[in-house]
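In: Pasting a predicted model and its sequence here:
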Amino acid sequence: MIRAFFIKVKAEAFFLVLLAVAAVGAWLYVQYRQVSADRDDLRHRAELICAGSGADFAAIGTTARGIRCAQTVAGLVKFKGDSDQLAAATLAKAMADHDAQQNEDTRAARAAAEAASSAAQRMEMADAKAERTNIVDSEWFRAVNGVAGLHPAR
């Protein structure tokens, strides 16, 4: 039975080889069509990119097709990178300046709060002294001016 099968295969060998060649040919044709479609799609995208960058994709003089466009796109990419770096540096400097100003403002506010607290304490002591002695003197007026934020003339 197996022998009959091999005899039948041997008789039909030409047809089987032709079938295998046809299958390989069909597979190669499908691959070629896919590669052609991919190539056409890539070329179309390259033309769109070149049109968007303001350069032509076609060959110009002795310059090969796409070279001028590639140079223009590379220049635009470099410009974007440089712009991004400059923007980041400017933002970092602005943030550092803001932080420094905020720290300075915090120190000034702390000093003002301490001065106000000290002035209030001096006013309470001067007021207590004036109440004890029943005399309002220059020290009391300096304490009032201190609470008001005024500096007395000396």
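Out: On my side now, so go ahead. Quick caveat, the model's predicted, so the values are computed rather than measured.

In: Does the residue nearest the centre of the chain lie in a helix or a strand, and which?
Out: Nearest to the mean C-alpha position of the chain, by Cα atoms, centre = their mean, lies residue 84 at 7.5 Å. Following DSSP states H and E, one finds residue 84 within helix 67-133.

In: where does that helix sit relative to the chain's centre, distance-wise?
Out: The chain centroid and the centroid of helix 67-133 are separated by 23 Å, computed with Cα atoms, centre = their mean, to the nearest Å.

In: Would you mark the buried spots in the helix or strand following it?
Out: Downstream of helix 67-133, the first helix or strand assigned by DSSP H and E is helix 138-148. Neighbour counts over helix 138-148 (16 or more other Cβ atoms under 10 Å) mark 140, 142-144, 146-147 as buried. Quick note: C-beta positions are derived from backbone N, CA and C, even for glycine.

In: ditto for stretch 73-80
Out: Residues of stretch 73-80 classed as buried by neighbour count (16+ other Cβ under 10 Å): residue 73.

In: And for it, what's in contact with it?
Out: 49-50, 53, 55 (Cβ atoms under 8 Å, 6 or more residues apart in numbering).

In: got the CA positions of it in CSV?
Out: In CSV, the C-alpha atoms belonging to stretch 73-80 read as follows (Å, rounded to 0.1, in the frame of the first residue of the first chain):
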residue,chain,number,x,y,z
VAL,A,73,14.3,68.3,8.7
ALA,A,74,17.5,67.7,10.6
GLY,A,75,17.9,71.5,11.0
LEU,A,76,14.4,71.7,12.3
VAL,A,77,15.0,68.9,14.8
LYS,A,78,18.2,70.7,16.0
PHE,A,79,16.3,73.9,16.3
LYS,A,80,13.5,72.2,18.4
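
In: What average pLDDT does it get?
Out: Across stretch 73-80, the average pLDDT comes to 93.

In: Could you measure from the residue nearest to the centre of the chain over to residue 74?
Out: Distance of residue 84 to residue 74, computed by Cβ to Cβ, to the nearest Å: 16 Å.
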